[in-house]
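Peer 1: predicted structure and sequence below. I'll ask about it afterward.
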Amino acid sequence: MRELRVLHIITGLGVGGAEQQLRLLLRHLPVSCDVVTLTRPGAVAAGLSADGVRVVHLGMGGNRDLSALPRLVRVIRAGRYDLVHTHLYRACLYGRIAARLAGVRAVVATEHSLGEGQLEGRPLTAGVRALYLAGERLGSTTVAVSATVADRLRRWGVPAPRIEVVPNGVDLDRFRFDAARRAATRRRLGLPEDAYVIGGIGRLAAGKRFDVVVRALARLPRDHWLLLVGSGPEESVLRRTAHEAGVADRVLFAGERPCAPDGSAGPDLPALAAAMDVLASPSPQEAFGLAVVEALAAGLPVLYASCPAVEDLPAHAAAGARRVRGGPEAYARAITEVRARGPLPRTPPDAARHYSIARTAARLLDVYTATLSATAPRPPGRPAPIPPQEATTP
């Protein structure tokens, strides 16, 4: 039997949550996978290539570069893929169209970033929604990374039978706490031995609201430090905010950290998380909350504004996670309360184990199998089944 061949199409391969998740997933999926990036073959593209994955850069010039479509069709036809899997808005739109034109009937799309009022950090408009739904109808299955996103998709108008929930996954072994790694990382960063380190992980964009944590730091004693991991358009604004708040000397910008020293997928987050004492995630709209789950896997207490990954589970599954409503004062109070409880054992709660990458890969493989079965050619003379959303009663 021929090995299943899957083509993943993604908008870009710079350092980002969806991009890092794709690389980690491909390390655990037991199928043959290639990747096409429409734009920006950055650090994750290099990492995929190092893993032995074939990466094709389509060289797309912009959202309306229609010349990319026939190029993508040719790539799909040449690869003789059984299934096409798309990631992120632009890739989902172009990828679904190209897959259909190339004759691939099994098309899966993962929705990584749909919030209540934004998509991939951009405001949702009627035009974006209409184009999204038109493209969605060309696919076979839409994967939501959380039950919260699945509910948003249904409210948008995506038929429920077309939605499958496959959460993001975390490599638990990589994030297991190591005291020696903590000490070495804190020395490398120049942190005082007695520093209480608040962590923030994610793209430095306005929607992540890291300015809230910067201002919270100004309300805390001077042995509190802030370690921000990521880059983005708001970095200069956050640096200015830290300067104006009088805490610039206690805010460390770690950058993207595109490669771990051991060559593992993703930034060197396990070492940086080990150096932290608490994670703050003040973003009000998240589709999953991967940074929160990674912090839980590292045994950290977490303060968050929005995290479907935690909210979709029973409260006892993530006892170390607490939702914070409010601004800098609320976060300063919450951080003070966490510190007052004293250090806890750095062991991952049930929530982190629930989102192991092995479980995620197995679930996605089930989705592939079901999608291929549903789109397989029917024997001559057998009528097509009536889709559930179109069925009528006599």
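Peer 2: Structure received.

Peer 1: am I right that Ala309 is in contact with Glu294?
Peer 2: No - Ala309 is beyond contact range of Glu294, at 10.2 Å (criterion: C-beta atoms under 8 Å). In this view, the C-beta of every residue, glycine as well, is placed from N, C-alpha and C.

Peer 1: these two: which has the busier surroundings?
Peer 2: Ala309 (29 against 26; other C-beta atoms under 10 Å).

Peer 1: need the pLDDT of the more buried one.
Peer 2: pLDDT recorded at Ala309 is 95.

Peer 1: what do you get for Arg382?
Peer 2: pLDDT at Arg382 comes out at 47.

Peer 1: what is the neighbour count of Glu320?
Peer 2: That one is not Glu; residue 320 is Gly. 22.

Peer 1: start at 58, not 1
Peer 2: Will do, 58 is the new start, and the previous item becomes Gly377.

Peer 1: wait, doesn't it sit right on Leu360?
Peer 2: No - between Gly377 and Leu360 there is no contact under C-beta under 8 Å: 9.9 Å.

Peer 1: any low-confidence regions in the stretch 308-451 of the chain?
Peer 2: Low-confidence segments of the stretch 308-451 of the chain, defined by pLDDT under 70, span residues 314-324, 434-451.

Peer 1: quick one: the strands in it?
Peer 2: Listed in chain order, the strands of the stretch 308-451 of the chain (DSSP state E, counting those that start in this stretch) span 308-312, 335-338, 359-361, 378-380.

Peer 1: how distant is the second one from the center of its chain?
Peer 2: Translated: strand 335-338. Distance of strand 335-338 from its chain centroid, counting by C-alpha atoms, centre = their mean, to the nearest Å, is 17 Å.

Peer 1: how about the longest one?
Peer 2: On the basis of C-alpha atoms, centre = their mean, strand 308-312 is displaced by 21 Å from the centre of the chain it belongs to.

Peer 1: care to break the chain down by domain?
Peer 2: 62-226+414-433, 229-411 (automatic domain parsing).

Peer 1: how many neighbours does Gly73 have?
Peer 2: Gly73: 25 surrounding residues under other C-beta under 10 Å.

Peer 1: I misspoke; the intended subject was Pro400.
Peer 2: By the criterion of other C-beta under 10 Å, Pro400 has 9 neighbours.

Peer 1: name the nearest residue to Asn133, ignoring sequence neighbours.
Peer 2: Slight slip there: residue 133 is Ile, not Asn. Ala159 (3.8 Å; C-beta to C-beta, 6 or more residues apart in numbering).

Peer 1: ok, that neighbour to Val215 distance?
Peer 2: Distance of Ala159 to Val215, computed by C-beta to C-beta, to the nearest Å: 23 Å.

Peer 1: tell me the pLDDT at the residue lying closest to Arg396 once chain neighbours are set aside?
Peer 2: Once flanking residues are discounted, Arg396 sits nearest to Tyr253: 5.9 Å by C-beta to C-beta, 6+ apart. At Tyr253, the model reports a pLDDT of 98.

Peer 1: now do the same contact list for Tyr253.
Peer 2: Asp280, His281, Trp282, Asp334, Val335, Arg396 (C-beta atoms under 8 Å, 6 or more residues apart in numbering).

Peer 1: again, only using 7 Å
Peer 2: Going by C-beta atoms under 7 Å, 6 or more residues apart in numbering, Tyr253 touches Asp280, His281, Asp334, Arg396.

Peer 1: is it true that the third one touches Asp251?
Peer 2: No - with contact defined as C-beta atoms under 7 Å, Asp334 does not count as touching Asp251 (11.0 Å).

Peer 1: and the strands in the stretch 108-257 of the chain, which stretches?
Peer 2: Remark: strands assigned in the stretch 108-257 of the chain by DSSP E, counting those that start in this stretch are 111-114, 140-144, 164-168, 175-176, 179-180, 198-201, 220-222, 253-258.

Peer 1: as a markdown table, these with distance to Arg276 would be great.
Peer 2: Below are these laid out as a markdown table (distance: least, C-beta to C-beta, whole Å):
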| stretch | distance to Arg276 |
| --- | --- |
| strand 111-114 | 46 |
| strand 140-144 | 39 |
| strand 164-168 | 37 |
| strand 175-176 | 28 |
| strand 179-180 | 31 |
| strand 198-201 | 37 |
| strand 220-222 | 39 |
| strand 253-258 | 12 |
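
Peer 1: out of those strands, the one nearest Arg297 is which?
Peer 2: strand 253-258 (16.5 Å; C-beta to C-beta).

Peer 1: pairing partners for the closest one, with directions?
Peer 2: Looking at strand 253-258 with DSSP bridges, its partner strands are strand 281-286 (parallel), strand 335-338 (parallel).
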